[in-house]
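Novice: What shape does this take:
(one chain, ligands or ions: 2)
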Amino acid sequence: MLKIDNLQATVADKPILKGLSLEINPGEIHAIMGPNGAGKSTLGYTLGGRPGYEVTGGSVTFDGQDLFELEPHERAAAGLFLGFQYPVEIPGVSFVQFLREAANAQRKGRGEEPLSGGEFLKLAKEKAGLLRLDMDMLKRPVNVGFSGGEKKRAEMVQMGILDPKLAILDETDSGLDIDALRVCGEGINAIMRAPDKAVLLITHYQRLLDYVKPDFVHVLANGRIVKSGGPELAHQLEAEGYEAVAA
Ligand SMILES: Nc1ncnc2c1ncn2[C@@H]1O[C@H](COP(=O)(O)OP(=O)(O)OP(=O)(O)O)[C@@H](O)[C@H]1O
Ligand SMILES: [Mg+2]
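Specialist: Ligands and ions are numbered 1, 2, ... in the order given. Okay, the predicted model is just below:
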């Protein structure tokens, strides 16, 4: 589904990704762990197409297509979802309106009919229920005044509505209380655990992986994958630290 080969990228002329390779097949859940500043968020932003993140080498294909030939909105319509480490607030734009516009823009990009108001509301209620997020929250401006945990849950509602093929989730577990961690974990499984979908989870801790069980765990350090293994690698990292395991 996603094939990253020797990817190199710079931010503000500073090399951050330095030859990163990773392959993700349909049905797989991959976790990426690694020290602060290693380039994990940079990987997500580069794949998502955030301005300022410049690809200087290597290649990425998504479903056999050159990812970098697609504009960010085309990547989204093709089924790529990026969950942010720090979700942005958009004052003046109601969350339901934002979600409906996003869903219908992506449907249009795929040549599908837009969802009617009724269809959209039913879908939004279903996904909000899954994430135990009060529908009243979604009547407010996007993320404005939301607590850290509410932003993360709202982001998972967004993922449920957009129904992507590949979700790259950047520290979705950060800031979640114990119950919200379980709700989000179960939500990710409900939305993304499918033979034709895949997830790349960026996380610092085992706790989310207790719910969303990864097939593969990778260590990203200094701009490349320095070690890969199964779920046991996350436990080993937590017990021994990066220096001991992936030096
Ligand atoms: N706009 C920028 N200008 C300069 N340096 C940047 C910029 N954005 C990111 N960097 C640098 O790129 C490096 C990688 O950052 P990145 O956010 O990808 O790390 P990370 O692995 O996600 O870390 P964390 O675990 O703390 O989230 C850091 O050293 C960071 O300071
Ligand atoms: Mg980060």
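Novice: I figured E186 hits Y211, correct?
Specialist: Yes. Contact status for E186 versus Y211: in contact at 6.3 Å, counting by CB atoms under 8 Å. All C-beta atoms are positioned from the backbone trio N, CA, C, and that covers glycine.
Novice: Please, where are all the strands along this protein?
Specialist: 2-11, 14-24, 29-33, 53-62, 65-66, 80-83, 90-94, 141-142, 166-170, 198-202, 216-221, 224-229 (DSSP state E).
Novice: Pull the contacting residues for P114.
Specialist: 104, 107-108 (CB atoms under 8 Å, 6 or more residues apart in numbering).
Novice: closest to I32 among the residues you listed?
Specialist: R107 (30.0 Å; CB to CB).
Novice: The closest residue to the closest one other than its chain neighbours and ligand 2, how far apart?
Specialist: The shortest distance from R107 to any non-neighbouring residue, by CB to CB, 6 or more residues apart in numbering, is to P114 (5.8 Å). Distance, P114 to ligand 2, using CB to the ion, to the nearest Å: 34 Å.
Novice: Can you tell me how far P114 is from E71?
Specialist: In this view, P114 and E71 are 20 Å apart by CB to CB, to the nearest Å.
Novice: returning to that earlier point: would CSV of the strands of the chain with distance to M192 and mean neighbour count be doable?
Specialist: Formatted as CSV, those follow (distance: least, CB to CB, whole Å; neighbours: other CB atoms under 10 Å):
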stretch, distance to M192, mean neighbour count
strand 2-11, 14, 19
strand 14-24, 12, 17
strand 29-33, 8, 24
strand 53-62, 16, 16
strand 65-66, 20, 12
strand 80-83, 9, 23
strand 90-94, 25, 12
strand 141-142, 22, 19
strand 166-170, 5, 24
strand 198-202, 5, 25
strand 216-221, 15, 22
strand 224-229, 21, 17
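Novice: can you redo these as JSON lines with distance to ligand 2?
Specialist: Formatted as JSON lines, these follow (distance: least, CB to the ion, whole Å):
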{"stretch": "strand 2-11", "distance to ligand 2": "12"}
{"stretch": "strand 14-24", "distance to ligand 2": "11"}
{"stretch": "strand 29-33", "distance to ligand 2": "10"}
{"stretch": "strand 53-62", "distance to ligand 2": "13"}
{"stretch": "strand 65-66", "distance to ligand 2": "26"}
{"stretch": "strand 80-83", "distance to ligand 2": "12"}
{"stretch": "strand 90-94", "distance to ligand 2": "21"}
{"stretch": "strand 141-142", "distance to ligand 2": "21"}
{"stretch": "strand 166-170", "distance to ligand 2": "6"}
{"stretch": "strand 198-202", "distance to ligand 2": "7"}
{"stretch": "strand 216-221", "distance to ligand 2": "10"}
{"stretch": "strand 224-229", "distance to ligand 2": "16"}
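Novice: would CSV of those with distance to ligand 1 be doable?
Specialist: Output for these, formatted as CSV (distance: least, CB to the nearest ligand atom, whole Å):
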stretch, distance to ligand 1
strand 2-11, 4
strand 14-24, 5
strand 29-33, 9
strand 53-62, 8
strand 65-66, 23
strand 80-83, 13
strand 90-94, 21
strand 141-142, 22
strand 166-170, 7
strand 198-202, 7
strand 216-221, 7
strand 224-229, 12
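Novice: show me the contacts for the residue of the chain found nearest ligand 2.
Specialist: Taking CB to the ion, ligand 2 has its nearest neighbour within the chain at S41, 3.1 Å off. Residues in contact with S41, defined by CB under 8 Å, 6+ apart, are 85, 170, 202.
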